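1. Sequence first, predicted coordinates after that:
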Amino acid sequence: MADQHVQIPPYVAPLPPDEDARLAALLACDVLDTPPELAFDNIVALAARLTGTPMALVNLVDRARQWFKARVGVEPTETPRELAFCAHAILRREPLIVGDAHTDGRFATNPLVLGPPHVRFYAGVPLVSRDGFALGTLCVLDREPRQLTPQQLEGLQALARQVVIELELRRRNRELEERLPDPTAIADLAAAQQQKDELAQLIVHDLKNPLMIILGNASYIADRRGLPEGDRRALRDVITAAESLQRMIMNLLDVGRAEHGVLLPRPRPVDLAETVRSAVRTASGRNDARDRRITANLGAEVGGEPLVVEADVDLIQRILENLIDNACKYTPAGGAIEVGASARGDGWLELWVADEGPGIPDNFKTRVFDKYARVARDAGSDRTSCGLGLAFCRLAAEAHGGRIWVEDRRTGGSLFRLRLPLVPAEGG
Ligand code: ADP
């Protein structure tokens, strides 16, 4: 038969009557399991020095353990609550002083007294919060029996008040953080915004790889022979959607990079004629270019001047992709899109994309290149536009020391022109 009268050893303290609220107050300080901090380390060093003891702790009494925010002369960072002298100390508002544990009925059989660290002397001042909860103690311990002078006790109590002030500070900080956004805390908001931007960059970065896997596998299956036509079409839709998402992600990443000043082109000689031809080829094969004619216009190449600039080929390709993508989006079925490159003989080369879309209103011709800018007609439509493509184009053009703008075509539609220096400007 089970023993119904399990003897609780005398060194195990009862729970305080306000235990649940006390634990809540302790958690609100947001301090458990945080790394050491100089403010608390200094306090325990002073306490040990002041009392001439080899061990001192800022000790917080958690549900089942006591955890040391700062410690001198003690190895472990926590011990079970049942063994804690401090669990007794928090039952009171006054310091608990045990001159010699061997002769104290409550502690003589405590394993911390009988074994390491062989505690004989204990003095603990409860850390009482402003709302009256004893969160733990500032305590000093020794392996010899001893007493404190009234001055030492007073000093220890003053240090304990300092610990409480530090803990309250943390709690207030945490409450402030939770109350954001506060209209007066503009600096905090800016910092929070930056953190959010950084997080967004990280997420976007993490989306890149899974998307590559989707694209790679969908293309692999779509290229299989004998695939039913319906399946192939479905896969093409997957690929088109994934490519569009990929473009958006890359734009987001690069706009972020440019804003942090780290969109740095790696210039190499780039043959713009080849770049145009390859962009046209790729775009023509895409689903959303269906029913539109995309052609390359490389007239100026015939004039003999090579269409070669010092530029970052990846960035130039992506500018073209974005421009052609837009041209396809806004040119009605049956329409034509022209992509060209030309030398101007003045140290600049030009890339251009002309479409047969609705054009861009005059008062928006500059603003379309701003981040998140969309022409009002699109705002409510179902088109997937978030207004980052042209922002990327401008930032990438500027990173090369070049510039980009849009004009109306005489025949209707838009003409986007990107002018690049043959050799990138200083620092580009
Ligand atoms: P997104 O990356 O979302 O496509 P962009 O920055 O490329 O956004 O474009 C911004 C806005 O400029 C679009 O919402 C659209 O209103 C307008 N726009 C861009 N290209 C064209 C175009 N070729 N013809 C007409 N409007 C365009």
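-> Noted; the coordinates are in hand. None of the values given here were measured: they were computed from a predicted structure. Residues are numbered from 1 along each chain as shown.
2. Stretch 357-372 near the ligand anywhere?
-> Yes. Stretch 357-372 lies within reach of the ligand by C-beta under 6 Å from any ligand atom, at Gly357, Pro358, Ile360, Val368. Heads up, the C-betas are built off the backbone N, CA and C, glycines and all.
3. So for that stretch, mean pLDDT?
-> Summarised as a single mean, pLDDT over stretch 357-372 is 92.
4. buried set for it?
-> Using 16 or more other C-beta atoms under 10 Å as the test for burial, stretch 357-372 gives Gly357, Gly359, Ile360, Phe364, Val368, Phe369, Lys371.
5. what does stretch 139-152 give?
-> Cys139, Val140, Leu141, Asp142, Arg143, Arg146, Leu148, Gln152.
6. Contact partners for Leu323?
-> Residues in contact with Leu323 (C-beta atoms under 8 Å, 6 or more residues apart in numbering) are Val339, Val353, Cys393, Phe416, Leu418.
7. Turn the residues of stretch 357-372 next to the ligand into CSV, columns for secondary structure.
-> Below are the residues of stretch 357-372 next to the ligand laid out as CSV (DSSP: H, G, I helix; E, B strand; the rest coil):
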residue, secondary structure
Gly357, coil
Pro358, coil
Ile360, coil
Val368, helix
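8. name the element the residue of the stretch 101-250 of the chain found nearest the ligand belongs to?
-> In the stretch 101-250 of the chain, the residue that lies nearest the ligand is Met248 (6.7 Å; C-beta to the nearest ligand atom). If you go by DSSP states H and E, Met248 is part of helix 229-259.
9. elements contacting that helix?
-> helix 186-222, helix 313-330, helix 389-399 (3 or more C-beta pairs under 8 Å, 6 or more residues apart in numbering; DSSP states H and E).
10. The second one relative to helix 389-399, how many degrees between them?
-> Taking axes from the mean of the first three to the mean of the last three C-alpha atoms, to 10 degrees, helix 313-330 and helix 389-399 form an angle of 150 degrees between their directions.
11. Now do the buried residues in the helix or strand just after helix 313-330.
-> Once the chain leaves helix 313-330, the next helix or strand it forms, by DSSP H and E, is strand 336-343. Across strand 336-343, burial judged by 16+ other C-beta under 10 Å covers Ile337, Glu338, Val339, Gly340, Ala341, Ser342, Ala343.
12. measure the fourth one to Arg403 for me?
-> So that's Gly340. Between Gly340 and Arg403 the distance is 17 Å, computed by C-beta to C-beta, to the nearest Å.
13. and Trp348, what does it touch?
-> Contact analysis of Trp348 by C-beta under 8 Å, 6+ apart lists Gly402, Arg419, Leu420, Pro421, Leu422.
14. Would you write a ChimeraX line that selects the buried entries of those?
-> Buried members of the contacts of Trp348 can be picked out in ChimeraX with the line below, counting by 16+ other C-beta under 10 Å:
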select :402,419,420,421
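15. so what's the residue of the stretch 101-250 of the chain closest to the ligand scoring on pLDDT?
-> 86.
16. tell me the secondary structure for the residue found closest to Leu83 once you drop the neighbours it is linked to in the chain?
-> Once flanking residues are discounted, Leu83 sits nearest to Leu112: 5.3 Å by C-beta to C-beta, 6 or more residues apart in numbering. Here Leu112 is recorded as helix under three-state DSSP.
17. and the closest residue to the ligand within the chain, how many neighbours does it have?
-> Residue nearest to the ligand within the chain: Gly389 (2.7 Å; C-beta to the nearest ligand atom). Counted with other C-beta atoms under 10 Å, the neighbours of Gly389 add up to 22.
18. so it makes contact with Ala327?
-> No. Gly389 lies out of contact with Ala327 (C-beta atoms under 8 Å); the separation is 11.2 Å.
19. Tell me the residues of this structure that contact the ligand?
-> Counting by C-beta under 6 Å from any ligand atom, the chain sits next to the ligand at 322, 326-327, 330, 355, 357-358, 360, 368, 373-375, 378, 385-391, 414.
20. Right, I'll call it a day here.
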